[in-house]
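Chemist: here's my sequence, what's the structure:
(5 chains, ligands or ions: 4)
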Amino acid sequence: MAIEFKPSPSLPPPSTAVGPVAWLRQNLFSSPLNVFLTLFSIYIIYLIVPPIIEWGIINATWEGASKAECTAGGACWAFINVYFEQFMYGLYPSEETWRINLAVILIVLLVGMFAIKAINKLFLSLTILLIYPVVAYFLFAGGVFGLEVVETSRWGGLFLTVLLGVVGIVASFPLGALLALGRRSNMPVAKSVSLVFIETIRAVPLITILFMASVMIPLFLPEGLNFNKLLRVLIGITLFSSAYMAEVIRGGLQAIPKGQYEAADAMGLTYWQSMVLVILPQALKLVIPGIVNSFISLFKDTTLVYIVGMFDFLGRIQAANHDTNWLGTTVEGYAFAAFVYWIFCFGMSRYSMALERKLDTGHKRN
Amino acid sequence: MSNIKNIPSNKSFLNDAGNRSLIFQIVLLAVVVFVGYYLFSNLQANLENRGISTGFSFLNEPAGFPILIHLVSYTESSTYGRAFLVALINTFVISLLGIILATIIGVVMGLARLSKNWLVARLATVYIETMRNIPLLLQMFFWYFAVLAALPVPRNSYEFADFLLNKRGIYSPNPIAQDGFGLVIIGFILSIALAIGVIVWAKKRQTRTGLWFPAYWSSLGIILGVTFLFFAAAGFPLEFDLPQKSRFNVTGGMVLPPEFVAVLVALSTYTGAFIAEIVRAGILSVNWGQTEAARSLGLRDSLTQRLIVLPQALRVIIPPLTSQYLNLAKNSSLGAAIAYPELVAVIMGTTLNQTGQAIETIGLCMLVYGSLSLSISLFMNWYNKKMSLIER
Amino acid sequence: MTNTNMARAQLEQGESTIIEFNDVNKWYGDFHVLKNINFSIKKGERIVVCGPSGSGKSTMIRCINRLEEHQKGSILVDGIEMNNNLKNIEAIRKDVGMVFQHFNLFPHLTILENLTLAPIWVRKMPKKEAEEMAMHYLERVKIANQALKYPGQLSGGQQQRVAIARGLCMQPRIMLFDEPTSALDPEMIKEVLDTMIQLAEEGMTMVCVTHEMGFAKTVADRVVFMDAGEIVEANEPHEFFDNPQHDRTQMFLSQILNH
Amino acid sequence: MTNTNMARAQLEQGESTIIEFNDVNKWYGDFHVLKNINFSIKKGERIVVCGPSGSGKSTMIRCINRLEEHQKGSILVDGIEMNNNLKNIEAIRKDVGMVFQHFNLFPHLTILENLTLAPIWVRKMPKKEAEEMAMHYLERVKIANQALKYPGQLSGGQQQRVAIARGLCMQPRIMLFDEPTSALDPEMIKEVLDTMIQLAEEGMTMVCVTHEMGFAKTVADRVVFMDAGEIVEANEPHEFFDNPQHDRTQMFLSQILNH
Amino acid sequence: GTLDDVKAKGFVQCGVSQGVPGFSNADDKGNWTGIDVDACRAVAAAIFGDAQKVKFTPLSAKERFTALQSGEIDILSRNTTWTYTRDVSLGLDFTATNFYDGQGFMVRKDLGVESAMDLDGATVCTEQGTTTELNMADFFRKHNMSYVPVVVQKADEAVSAYDSGRCDVYTTDKSGLAAHRTKLKNPGNNIILPETISKEPLGPVVRHGDNQWKDLVTWVMYVQVNAEEMGISSENVAKIKAEAKDPGIRRLLGAEGNMGQDLGLNADWAYNVIAEVGNYGEEFERNLGKDTALNLPRAINNLWNNGGIMYAPPVR
Ligand SMILES: Nc1ncnc2c1ncn2[C@@H]1O[C@H](COP(=O)(O)OP(=O)(O)OP(=O)(O)O)[C@@H](O)[C@H]1O
Ligand SMILES: Nc1ncnc2c1ncn2[C@@H]1O[C@H](COP(=O)(O)OP(=O)(O)OP(=O)(O)O)[C@@H](O)[C@H]1O
Ligand SMILES: [Mg+2]
Ligand SMILES: [Mg+2]
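Modeler: Ligands and ions are numbered 1, 2, ... in the order given. A predicted model of the protein is given here:
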């Protein structure tokens, strides 16, 4: 009769294969070159990290009313402390900043409601996209319900930066979708108009567009007709990002199999019906990570409004650097700005990666 | 037999698919033309009302302002046209150098992030994630204002051999050719011819005998060696104008101004981080099976990389790399913020301000960036086509 | 045999032509895909189209609901001529259901939503009614219990059955099938063919591109053989299989039946 | 039968061991993939390795040219021990050709360049000579006329034959095959097996992971059956197939032969 | 015209600098002060009787003309030098001069430089898009000296660059030097060299082609100078209006006649200007004078009958 087969038991690997020693050997000291690289890296870390910790934490001064009080030899975070409100809200009157906070809390709550199953997603999206902006606008600008009017020229700081980024990306979305459809259309005029627009915008630097928006637009309008500078800059930013958005969305459209278009056609749906009901919902889902990435670049690019004289987050910090009480705090200012931007951008890019993974698995088995 | 129903009467003009798209396009075109015309006519009226002069004749007038960095001769009495040229060259130079440096940084960091050495990979990750997630303008300000403030004044320059580093820039000796330098040039040309000869010979020899000759290294040696021989023979006909600390500044020598260095460093480290990710993705995209196949053929790892992995990774790398190059060229315009006299600073800044001709100057700038973008992408498309795989 | 007889009977009772190709020609660029197609299909007839790859089968049936445009000749569907007139195209597409090789279900919609999309938006049916109808057809293809799942959660055979139900939901007078089983695993092919046979028995006009010769023998009224853009031979199944007229047909059949 | 006899004869004439596994153990992290492998292969022997998926077949043969590192025990190839010594690894890889399941041809090089790459760079052969040799092997696998095409332009079966020719171009003393036919269509499998059988007849040492039992019966000197990282049974083909010793082997064979 | 637009929208849009103490500077609450700011406030007072009906647009030197040309702002009051080219070919009109200035140099004391003639080889920081850039070039050329120009986009950054040691010299109008010196880390360590290398008449600018608006801005300025000359100030203007007998003064303050009509203003426009903003002397002292950090002497900016050159045509 046949011999019965019993697999021999698995043994734990030898210490040369696992465990901290093996790990060190494999990852840091596997060859002479690696030994050298490891030592070199340690040296670089030694050069960079301790001085930063010493400067930024150990010897730092956290409280104080002027640079003169920062005597510990390290960073003068007191500067950030004193100016914190301005960095966040610009020159927005401090007794009114609750309005900004309220708007932020509102949007967080609204977005959080997506997690609740019982709520109609479409209705919620429409609220966020159509009603919320109006509410937020009146909260920010005032002039209704006895809210004090706050000029847009007083809007600034991180508030302005986030506003520019968010409005830019949201507003560029419909325009980008139209341009993307236009570029893929087989109507020569629609196609070439979209193409020329997209490629022109993508060829020029954002500053030229901002410059046009901030000082030149009135030249193109009838005399006397003019509108708010913030609005013009927003339009500039929106046009700019819509060209990039169009390319992102086009990528999504291209990824939709031809069969989907054909199935929609065969069912007798019209062009717009098939776009809105069938193609766009699928394409947009595909491009969400791309959109988040565009948002990250736009968020960084909004710093350029500083060049056209708006005091966004970076602009506020630069301005504060010139305060006679705080001269010589340039590095602290930049470090703080870098830290904040980094948190935002890094967070969003991680989010976009997670999203990519999640959407990826959602599309399997088809 | 076949009972054709009456064709329905709703065959109206508007229901025809062809007509519909035609009408839509006509309307679209009309809107575009109308908006264009509206803006243009407003512009004309405004220019006229306000007595703003138009046209490009200002390009022939003397500019009157100085420019810090100019690679072609330029004085205050040169024309605006010349100033434009200077700015154009400055933009080109910073873009080109930026592209080269960013590529080097990107490749090194991309490879480092893939390194088997855990620490090296981690460091590269930290570098990439830091650079990518901080706005470029902020980085430029940092390199210019924060680093500048930390450097010594000229009197206390850091010195390395005949090089000086201080708030005014990086100074190096300036070579000045003396009599007999022509001989050195001849020697140089000769050595190149020789080197090419060696490379051709090495190739032939390989085909004949199969033996490899380190042709590239030796031709480098030949070029250096032969040139040096001629140099010595001519009696070292080169003098160096050394930088000297003087009352205010350093005199003599060659200088890289801080504006230039800051823009270059910011552009290349920032873009380098993006390129690093592209390189990494490109290399990862090459199937591991390719490496295994190469190894099982007995190829050393360095050869595997050079002959198998890199050529394939390049195909994936090129298209996104193109857009990074484009971004870098466009981002060079941020140099305006820290006194680097590139196009936006000189044309949209000073020239516009002196002449008041906004439309013309903006137009010039857009034209330059447009053609810069176009030429980079044309080149890259061509290269991409050349590299693309032949499929069934 | 019984089947064919039944078909005959039906044909005699409703002798009217529902699809008519008159001298249809079509080119892709320079490439002549359809050459002088003359062919007509009667109401309730079941046609199977076969032929080697690239012979123009798909192209031909896609002309019926104008997923492709022909350039010469005329196609009449239900008496309406196929041309650029959008109203005509819409009208015909309402009357013609189509099932694709790769199902082409909409992955972002549930099965139920896939089925009700066209009734609601094209036929302007109330949502409630549309859903009731959809459930009815889902039962008919035996997957009513999957109505709230997404296409990605079903097997290929199930997806194809949903696609058939989706086609039926338009309550079309004609159903077109373009190799509906060729992307499926052998076990799933049977599921789908069974569904189609059931449909055929209910007297729906069907045009089906397939190489399932068993199916052709069971349900087809006529088998059409195409090659190089032409209809080489069209005949009743027993004639077609047992006594093919053209040597091209013979060759094709020998290949396909030996496989 | 004749075949096995021939193999016997050869073995007797060259009795020397060319590959030797001594107590080889390997872990992936904590996972014990190879357990106490003791096994030796003689010059000219043809070994077929089979076993369920995940049993460690690929891992074992990839240890032979050190695409994988083992952690315990020793592997001797042609008398050279496998360790971290780069010179040893290089020397052995020159002597061992390998053919992968997915061919792994270099898509950016022509067929000819794929074949001459290693001879030129590793064996330092003159280009001319390398090309002549390459053409020779291409003729042997019957695709000399494709020499200037790119891999992407060939069918799977052709690609796999190129991969075999590429392995042979190193004029190795041992050829390793890791499921060389399992990514191919049935018709192409035959092309490739024919080529391998031809090779086997020329007396090359071969280690082949495959489930093509026909091939095993025709050419193998020994069949090795692995499960759970162990060699369960190794025997001459007729013994192995007709009279398997272990119940595990029997079970496996019953599955694979019924398939 | 511009006046109608301004009346319609209810405020004056005024382009100012991004921060020159004494001229136009915003505190950290965003309140603007300075002599250039006052020029705009005076215009607002004349039109609306309310000096607060102004909005300020901070502009860098290089943006300012485009902003004015395009209609982005109604008045440019940003220490802008009146020059031939600017007046003639930029589509701009200069109104009146509210500050006579001249370009100078600031250096660090420890350099030991005493005269601008010692600056051969120096590195010079300045702001982009100003006459300064051109004057500096002319000056060094004229005296055959070499220099390294570092032309920075914004004044504040030019000063930062100077302060961080990028340059030996910072050059701009002397008033600006005084203003910017207050922003240095160590103001006392820097000196302003005695030479004045140019004439810099600074004043508000309007768009070319709108004479009514130009007249308005010009005369708002002249009224302030005349008021100082007549001894009318914001403190006594109400009293004078009520009590004055002099028909000239009564007309000026709108107590009789309707002098504002031709400008499109109310009769009491001048009264409002003086009441809300004050006369020129008050403006000067408030923003630049002895009690400010700038501590500038009146010097040539004194009235003509006081040894200066401030001379306004009579209001008749
Ligand atoms: N969009 C197109 N542009 C150009 N040629 C096309 C296009 N679609 C199909 N063809 C060509 O037209 C011919 C007929 O195509 P069709 O799809 O109708 O063949 P088929 O008989 O359905 O073949 P199969 O059995 O492979 O589906 C083929 O040669 C095909 O290459
Ligand atoms: N790089 C790796 N890391 C971790 N586990 C691995 C790795 N490679 C293989 N394994 C595991 O080792 C086991 C043996 O793998 P191996 O590829 O040798 O199996 P096999 O017998 O060739 O199977 P198949 O017939 O599927 O190719 C499997 O369970 C596999 O999951
Ligand atoms: Mg087909
Ligand atoms: Mg395997």
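
Chemist: right, is the helix or strand containing A:Ser192 up against chain B?
Modeler: In this assignment (DSSP states H and E), A:Ser192 forms part of helix A:188-203. Yes. Counting by C-beta under 8 Å from any C-beta of the partner chain, chain B is contacted by helix A:188-203 at A:Pro188, A:Val189, A:Ala190, A:Val193, A:Thr200, A:Arg202, A:Ala203. For the C-beta atoms, the positions are set from N, CA and C on the backbone; glycine is no exception.

Chemist: what are the buried residues along that helix?
Modeler: By 16 or more other C-beta atoms under 10 Å in any protein chain shown, the buried positions in helix A:188-203 come out as A:Val189, A:Ala190, A:Val193, A:Ser194, A:Phe197, A:Ile198, A:Glu199, A:Ile201, A:Arg202, A:Ala203.

Chemist: for the chain, which helix is longest?
Modeler: Going with chain A. In chain A, assigned by DSSP state H, the helix with the most residues is helix A:330-362.

Chemist: hm, I was asking about chain E
Modeler: Assignment by DSSP H; longest helix in chain E turns out to be helix E:211-230.

Chemist: and that helix, what does it pack onto?
Modeler: Applying 3 or more C-beta pairs under 8 Å, 6 or more residues apart in numbering or on different chains; DSSP states H and E, we find helix E:211-230 packed against helix E:2-9, helix E:35-48, strand E:205-207, helix E:247-252, helix E:269-276, helix E:280-287.

Chemist: and the ones you listed: which comes nearest B:Trp288?
Modeler: Comparing the helices and strands packed on helix E:211-230 by their distance to B:Trp288 (C-beta to C-beta), the top pick is helix E:2-9, with 67.6 Å.

Chemist: A:Met212: neighbour count?
Modeler: 23 (other C-beta atoms under 10 Å in any protein chain shown).

Chemist: that one reaches A:Gly236, doesn't it?
Modeler: Yes. A:Met212 is in contact with A:Gly236 according to C-beta atoms under 8 Å; the separation is 6.7 Å.

Chemist: do stretch E:285-301 and chain A meet at all?
Modeler: No. Stretch E:285-301 stays clear of chain A (C-beta under 8 Å from any C-beta), getting no nearer than 8.8 Å.

Chemist: average pLDDT across the helix or strand hosting B:Leu378?
Modeler: Following DSSP H and E, one finds B:Leu378 within helix B:358-387. Averaged across helix B:358-387, pLDDT comes to 83.

Chemist: do the same with stretch A:316-325
Modeler: Averaging pLDDT along stretch A:316-325 gives 80.

Chemist: before we move on, what about stretch C:244-259?
Modeler: Rounded mean pLDDT across stretch C:244-259 is 78.

Chemist: in PDB, list the C-alpha atoms belonging to it.
Modeler: Provided in PDB are the C-alpha atoms of stretch C:244-259 (Å, rounded to 0.1, in the frame of the first residue of the first chain):
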ATOM      1  CA  PRO C 244     -24.100  23.600 -48.100                       C
ATOM      2  CA  GLN C 245     -24.100  25.100 -51.600                       C
ATOM      3  CA  HIS C 246     -20.800  26.900 -51.700                       C
ATOM      4  CA  ASP C 247     -17.400  25.300 -51.200                       C
ATOM      5  CA  ARG C 248     -16.500  28.300 -48.900                       C
ATOM      6  CA  THR C 249     -19.300  27.400 -46.600                       C
ATOM      7  CA  GLN C 250     -18.300  23.700 -46.700                       C
ATOM      8  CA  MET C 251     -14.800  24.600 -45.700                       C
ATOM      9  CA  PHE C 252     -16.000  26.900 -42.900                       C
ATOM     10  CA  LEU C 253     -18.400  24.300 -41.600                       C
ATOM     11  CA  SER C 254     -15.700  21.600 -41.600                       C
ATOM     12  CA  GLN C 255     -13.500  23.700 -39.500                       C
ATOM     13  CA  ILE C 256     -16.100  24.800 -37.100                       C
ATOM     14  CA  LEU C 257     -17.700  21.400 -36.600                       C
ATOM     15  CA  ASN C 258     -14.400  19.700 -36.100                       C
ATOM     16  CA  HIS C 259     -13.200  22.100 -33.500                       C
END
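
Chemist: quick one: buried residues of it?
Modeler: Those would be C:Pro244, C:Arg248, C:Thr249, C:Phe252, C:Leu253, for stretch C:244-259 by 16+ other C-beta under 10 Å.

Chemist: what's the answer for stretch C:43-57, then?
Modeler: C:43-52, C:55-57.

Chemist: so where do the helices sit in chain B?
Modeler: So, for chain B - with DSSP H - the helices run B:17-49, B:80-113, B:118-132, B:136-141, B:147-150, B:181-209, B:215-233, B:258-285, B:288-296, B:301-303, B:310-331, B:343, B:352-355, B:358-387.
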